[in-house]
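**Student:** Structure for the following, please:
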Amino acid sequence: MAEQSRKGRSAAGKPKPAGQPAGDDEKDSAAERAFVESLIASGQAAKPDSQGRLPPGATHEIVETENGELKVVRRRFSAY
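**Tutor:** Now for the predicted structure:
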């Protein structure tokens, strides 16, 4: 029964989106890295300044995890 309760969940325990088979965690992490890299390359993600403000045009804050990975957190939306 415990095995069934984990089926279809990501490593974080969150349900996977519909149509996505369980066990695609490697693909998920590669897609997440590509997404983060694209946000950084386009200037939509940046580290905040000393006062915690993002530069103009940045919609995501770059956060470094304990294991050194870069993650992004949405802080505001852009109208264009």
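**Student:** which residues of this structure fall in strands?
**Tutor:** 45-46, 60-64, 70-74 (DSSP state E).
**Student:** ok, the second one: who's next to it in the sheet?
**Tutor:** Sheet pairing here is set by DSSP bridges, and for strand 60-64 it gives strand 45-46 (parallel), strand 70-74 (antiparallel).
**Student:** Adding mean neighbour count and distance to residue 60 as columns, could you present the ones you listed in a markdown table?
**Tutor:** C-beta coordinates here come from the backbone N, C-alpha and C atoms, glycine included. Converted to a markdown table, the strands paired with strand 60-64 look like this (neighbours: other CB atoms under 10 Å; distance: least, CB to CB, whole Å):
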| stretch | mean neighbour count | distance to residue 60 |
| --- | --- | --- |
| strand 45-46 | 22 | 4 |
| strand 70-74 | 14 | 4 |
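**Student:** got TSV for those strands, with mean pLDDT too?
**Tutor:** Converted to TSV, the strands paired with strand 60-64 look like this (pLDDT from 0 to 100):
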stretch	mean pLDDT
strand 45-46	94
strand 70-74	91
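**Student:** Mind putting those strands into a markdown table with distance to residue 30?
**Tutor:** As requested, the strands paired with strand 60-64 are exported to a markdown table (distance: least, CB to CB, whole Å):
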| stretch | distance to residue 30 |
| --- | --- |
| strand 45-46 | 18 |
| strand 70-74 | 14 |
